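> Next one to model:
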Amino acid sequence: MILLFIVGLTDGIGQVTWGTLLQRRVPAHLLGRISSLDFFVSLALMPVSMAVTGPLSQLVAPREIFIFAGLASPVFAVIAWWCGRFWRDEIAHPLDEGAPQPVAPQRIRAPKHR
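Purely as a prediction, here's the structure:
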């Protein structure tokens, strides 16, 4: 239960980071296409995972499936990070580079009544 709480608490961080990276690193004229492809692939793999997990649960206890999935996910994430050379991209294009600068708040003056 504690782990589920931690995942729920931190899952949004990954989603916000991914959305920010898409908007910052994908050219504006391709953003719609890339976002659609990203969403499509995510949804397309869901039925595949269900089709594999159903029969697998007849051979292996669900607890072992969840443990394997929980351990395999970070391993695959590190492999993708390393093979995709994301670490080089992070160094070459830091997110604070070219970020819009905050605008100083302006005082709004009430109109003078005559």
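> only C-alpha atoms for contact and neighbour calcs from this point on.
Noted.
> just for this structure, where's the confidence low?
Applying pLDDT under 70 to the chain flags residues 97-106, 110, 114.
> rerun that using 80 as the cut-off
1, 3-4, 14, 86-87, 89-114 (pLDDT under 80).
> which helices and strands does the helix or strand that contains Gln23 pack with?
Per DSSP states H and E, Gln23 falls inside helix 2-25. Helix 2-25 sits against helix 31-59, with contacts defined as 3 or more Cα pairs under 8 Å, 6 or more residues apart in numbering; DSSP states H and E.
> buried ones in the helix holding Gln23?
For helix 2-25, a neighbour-count test (16 or more other Cα atoms under 10 Å) marks Leu22 as buried.
> quick one: contacts of that helix?
The contact list for helix 2-25 (Cα atoms under 8 Å, 6 or more residues apart in numbering) reads Leu31, Ser35, Leu95.
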